[in-house]
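J.: Model the structure of this input:
(one chain, ligands or ions: 4)
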Amino acid sequence: ESKIAGKGRASLFCPEMAASFRRRTELDGEMREGIAAGQFEVHYQPIVEIKSQKVVSVEALARWKHPVKGQISPAEFIPIAERSDLICELGEWVLSRVCDDIAQLPEDVSVSVNVSPVQFSKPERLLAAIRKMVEANRFPAERIELELTESVLVDDPEQTLRTMAELRSLGLRFALDDFGTGYASIGYLATYSFDKVKIDRSFASAAHKSDASRSVVELIQHLADRIGFIVVAEGLEEERQVEAIAATGIALAQGYYFGRPQPIAGLVQGLRSSAVRSVA
Ligand code: C2E
Ligand code: MG
Ligand code: MG
Ligand code: MG
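T.: Ligands and ions are numbered 1, 2, ... in the order given. Down below sits the predicted model:
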């Protein structure tokens, strides 16, 4: 093979792109079987009331322990799953896992579950899956909150409002996730009634060092007081970040400072030992 031909081919065919395409195709092909084979787990991260340091809820986060490729981040496998029905299967599997695990949590701790915009764009399937669990008496709806991202609100507002109303009638509540990073305008906070709004880590974690970030955070808390939702600051890792957020009047926070996502057993154990500490 001549050097010229090799060079020409390299310019048309980038090896990194080919490798990443191959990996995506493999993960796509392996995911359904991975769910069935028990390679997926749900980890839980505490959401804490800053003032009392009490855990008020936990967020369920999917994990994939691939037998060959190792731990795969949801940042990688969720977008792949979203290109097909796989995201519905995965989302339903997560919900069903949560229903099993929730019995291990104190009754005043609720669970937040991420719902993909793709799931929300097929409301019949989502509603059917949830109704089925409700009818089987497996679904403590009043303890479950669905986290939606802004794109859901932009894509089909009418349908989203209908689906939310339907799910609300079953007892579910809603949080708006990663607020401030998507395309939705602030006006959506008036159109949709969210129980919680989660301020994205990008500016929640910068409130201690940037006046602009702090102002944005303060504005959202101000709207919360007027409109009547609860604010969660995401991604707090350090004490000074927590202090800056607390000073804005925000009640709830989530981040490595309070605890990392972990399997249900470890979380439950942590909850017990912190209860023991606070009584002692
Ligand atoms: P998210 O819903 O915004 O979840 C919060 C993410 O921030 C999680 O990443 C969590 O581990 C991470 N995080 C929490 N505290 C900190 C912190 O203090 N510092 C930093 N650097 N990160 C922190 P994770 O678990 O990798 O999930 C990434 C995203 O994948 C989630 O973002 C969510 O959008 C999506 N995802 C995860 N599980 C599911 C699922 O079951 N269904 C759907 N549809 N999406 C999911
Ligand atoms: Mg979330
Ligand atoms: Mg988030
Ligand atoms: Mg996020």
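
J.: what about the longest helix anywhere in the chain, average pLDDT?
T.: If you go by DSSP state H, the chain has its longest helix at helix 15-36. Averaging pLDDT along helix 15-36 gives 94.

J.: got it, and stretch 77-93?
T.: Stretch 77-93 comes out at a mean pLDDT of 97.

J.: what does the stretch 101-250 of the chain put close to ligand 1?
T.: Listed as neighbours of ligand 1 in the stretch 101-250 of the chain under the rule CB under 6 Å from any ligand atom: N114, V115, S116, E147, D177, D178, G235, L236, E237. Heads up, the C-betas are built off the backbone N, CA and C, glycines and all.

J.: could I get these as CSV with distance to G266, neighbour count and secondary structure?
T.: CSV is the format used below for those (distance: CB to CB, whole Å; neighbours: other CB atoms under 10 Å; DSSP: H, G, I helix; E, B strand; the rest coil):
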residue, distance to G266, neighbour count, secondary structure
N114, 20, 20, strand
V115, 25, 23, coil
S116, 26, 21, coil
E147, 22, 19, strand
D177, 24, 25, strand
D178, 26, 19, strand
G235, 21, 20, coil
L236, 20, 26, coil
E237, 19, 13, coil
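
J.: and the least confident of these?
T.: Among those, D178 has the lowest pLDDT, at 93.

J.: list the contacts for the residue nearest to that one when sequence neighbours are not counted?
T.: Of all residues not flanking D178 in the chain, D200 sits nearest, at 4.5 Å (CB to CB, 6 or more residues apart in numbering). The neighbours of D200, taking CB atoms under 8 Å, 6 or more residues apart in numbering as the test, are D178, F179, G180, T181, E234, G235.

J.: quick one: which of these is nearest to ligand 1?
T.: G235 (4.1 Å; CB to the nearest ligand atom).
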